[in-house]
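**Student:** Requesting a structural model of the entry that follows:
(one chain, ligands or ions: 1)
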Amino acid sequence: MEAKITATETWRRKHRLLHAGATRHPFIRGIRDGNIDISAFKTWLGQDYMFVRAFVPFVASVLTKAWKGSNDSDNDVEVILGGMAALNDEISWFKREASKWGVQLSNIAPQKANQEYCRFLESLTSPEVEYTVAIVAFWVIETVYQESFAHCLEDGSKTPPELKETCQRWGNEGFGEYCNSLGKIVDRQLEKASDDVISKAEATFLQVLEYEVDFWNMSNGGT
Ligand SMILES: Cc1ncc(CN)c(N)n1
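**Tutor:** Numbering: from 1, shown residues only. Sure thing, here's the model as predicted:
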């Protein structure tokens, strides 16, 4: 008997070009091929620190929605809480990494693509946004980083040694398992969602992928 294809897998296949645009971006290919421009890496580092700070209240809102709106709220809250704990470490890591590379975090202003992405996250914190839609956004955001940075650690990659720790942060197996847990929550939610919520959730999936592409473009010198 053939295994049933999940909703998340269906979306990934249906939108594979955009998905690959986000997870195999030239910025990531540059790390993997060992020819990344270090100034692009430093731009990404500073901008991503700003992004992560704005990501925390978004994740807190997903946690609240899970607590109120999930029929397996104990499991969901624990998975999301694990993500929040990882974000706490991530913020400390950004500070250490920035000082290692001489990036002054206090002097950084978010660029346009970053501001727009953070505004989008803020719009998803509204109580009117369904849990299913918010958890889809959360899952894609985390999974894009997991798949992108894991690609830089695969056999045959020429990732510079000084960037390996960055790739490990999101490319490690534990982070992969956490993303799979988020994907399972998404699939469970989508199975019982109305057509209207499913359409909104798919539109959110696409929006996140587009914001992620713009974010990498910004690090490579775009706006
Ligand atoms: C832009 C972006 N997207 C995703 C992640 C992973 N939390 C991140 N740190 N930054």
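**Student:** close to the ligand, is the lengthiest helix in the chain?
**Tutor:** Determined from DSSP state H, the single longest helix within the chain is helix 38-69. Yes. Helix 38-69 is in contact with the ligand by Cβ under 6 Å from any ligand atom, via 48, 51-52. Heads up, the C-betas are built off the backbone N, CA and C, glycines and all.
**Student:** So which bits of this structure are right by the ligand?
**Tutor:** Within reach of the ligand by Cβ under 6 Å from any ligand atom, the chain has these residues: 48, 51-52, 141-142, 144-145, 212, 215.
**Student:** Take these and, keeping just the buried ones, write it as a PyMOL select command.
**Tutor:** For anyone working in PyMOL, the buried entries among the residues of the chain next to the ligand, judged by 16 or more other Cβ atoms under 10 Å, can be selected with:
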select buried, resi 48+51+141+142+144+145+212+215
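**Student:** hmm, back to that, give the next helix or strand downstream of the longest helix of the chain.
**Tutor:** Using DSSP states H and E, the helix or strand that directly follows helix 38-69 along the chain is helix 73-101.
**Student:** So the residue in the chain that the ligand sits nearest to: helix, strand or coil?
**Tutor:** For the chain, the residue closest to the ligand is Tyr145, as judged by Cβ to the nearest ligand atom, at 3.8 Å. The three-state label given to Tyr145 by DSSP: H, G, I helix; E, B strand; the rest coil is helix.
**Student:** which residue sits closest to it, ignoring its sequence neighbours?
**Tutor:** The spatially closest residue to Tyr145, leaving aside those adjacent along the chain, is Trp170, at 4.2 Å (Cβ to Cβ, 6 or more residues apart in numbering).
**Student:** In this structure that neighbour contacts Ser148, no?
**Tutor:** Yes. Counting by Cβ atoms under 8 Å, a contact exists between Trp170 and Ser148, whose distance comes to 7.3 Å.
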